[in-house]
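K.L.:
need coordinates for the following:
(one chain, ligands or ions: 1)
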Amino acid sequence: MKTITAALLLCAASQSYAAKPAPYEAKDYSSLTAYGIFSSTMLENHFKLYRGYVTNTNALLERLDALEREGKAGSQEYGELKRRFGWEFNGMRLHELYFGNLGPSPLPSGSKLRAALAAQHGSFETWQESFLALPKVRGIGWAALVYDRPSGRLFNVWINEHDSGVPAGAEVVLVMDLFEHAFITDYQLDKAAYARAFWAAIDWGEAEKRFLGK
Ligand SMILES: [Fe+2]
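P.N.:
Now for the predicted structure:
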């Protein structure tokens with residue numbers, strides 16, 4: 001009987017293991033150094049920080065999984081790690097979206113994103129002015145253009161740290177890192193200069209694809 005029970009447990013464990021998703025893998029954005037947008041030192045440091053978020057997201061998921069298997073899902077540790085998950089995960093994903101929308105390319109001709117921004121703000125330039133006011137927010141976080149697809153509305157939002165301020169379900173179309181590590185090496189405290197450099201380096205083709213859901 002013990003042998004059968006052990007075999008069943010082993011079988012259940014192996015099934016569970018087989019269904020376990022692969023850990024997240026850090027993506028390679030080293031090609032951005034070739035554009036000369038920011039110094040290699042600042043970018044390399046930024047990539048290192050990003051890889052830390054990937055590592056910590058995986059570690060957090062592993063620990064939460066272990067606690068669940070140990071029947072400790074109601075523990076204080078489990079609760080605190082659950083609170084932490086959105087912060088680490090968004091730290092990873094927002095960096096991917098940020099690096100992914102760098103690499104200068106113009107808005108495609110006939111851009112639907114441009115037309116939507118112009119329609120909702122009066123003109124593209126009015127929207128631009130509003131977006132570029134976000135770096136003036138004091139504190140650390142992200143400036144983002146997000147799309148509420150069900151309503152068709154676009155919003156400029158401030159994301160506090162990584163995990164507060166994104167309307168539920170909204171999709172990130174464009175995002176600018178406003179943690180100090182994103183600019184201080186090259187621009188010291190001049191966030192406005194950093195924002196101008198970011199603006200000149202936007203990959204609008206990528207933003208257009210995100211808006212179109214491609
Ligand atoms: Fe960052």
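
K.L.:
check what pLDDT the residue most central in space within the chain gets.
P.N.:
For the chain, the residue whose C-alpha lies nearest the mean C-alpha position (Cα atoms, centre = their mean) is L94; its distance is 1.0 Å. Here the pLDDT value assigned to L94 is 98.

K.L.:
that one is in what secondary structure piece?
P.N.:
Using DSSP states H and E, L94 falls within helix 76-100.

K.L.:
so which elements touch whichever helix or strand comes after that helix?
P.N.:
Scanning the chain past helix 76-100 towards its C-terminal end, the next helix or strand to appear is helix 112-121 (assignment: DSSP H and E). Applying 3 or more Cβ pairs under 8 Å, 6 or more residues apart in numbering; DSSP states H and E, one finds that helix 112-121 makes contact with helix 124-131, strand 153-160, helix 204-212. For the C-beta atoms, the positions are set from N, CA and C on the backbone; glycine is no exception.

K.L.:
how about the CA coordinates for the helix or strand just after the second one, as PDB?
P.N.:
Meaning strand 153-160. Next along the chain after strand 153-160, taking DSSP H and E as the criterion, comes strand 171-177. Output of strand 171-177 as PDB, limited to C-alpha atoms (Å, rounded to 0.1, in the frame of the first residue of the first chain):
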ATOM      1  CA  GLU A 171      -1.900  48.500 -22.200                       C
ATOM      2  CA  VAL A 172       1.400  50.300 -22.200                       C
ATOM      3  CA  VAL A 173       2.000  52.000 -25.500                       C
ATOM      4  CA  LEU A 174       5.000  54.100 -24.600                       C
ATOM      5  CA  VAL A 175       6.900  54.300 -21.300                       C
ATOM      6  CA  MET A 176       9.800  56.400 -19.900                       C
ATOM      7  CA  ASP A 177      11.800  55.300 -16.900                       C
END
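
K.L.:
helices or strands up against strand 171-177?
P.N.:
Where contact means 3+ Cβ pairs under 8 Å, 6+ apart, strand 171-177 is packed against helix 76-100, strand 141-148, helix 204-212.
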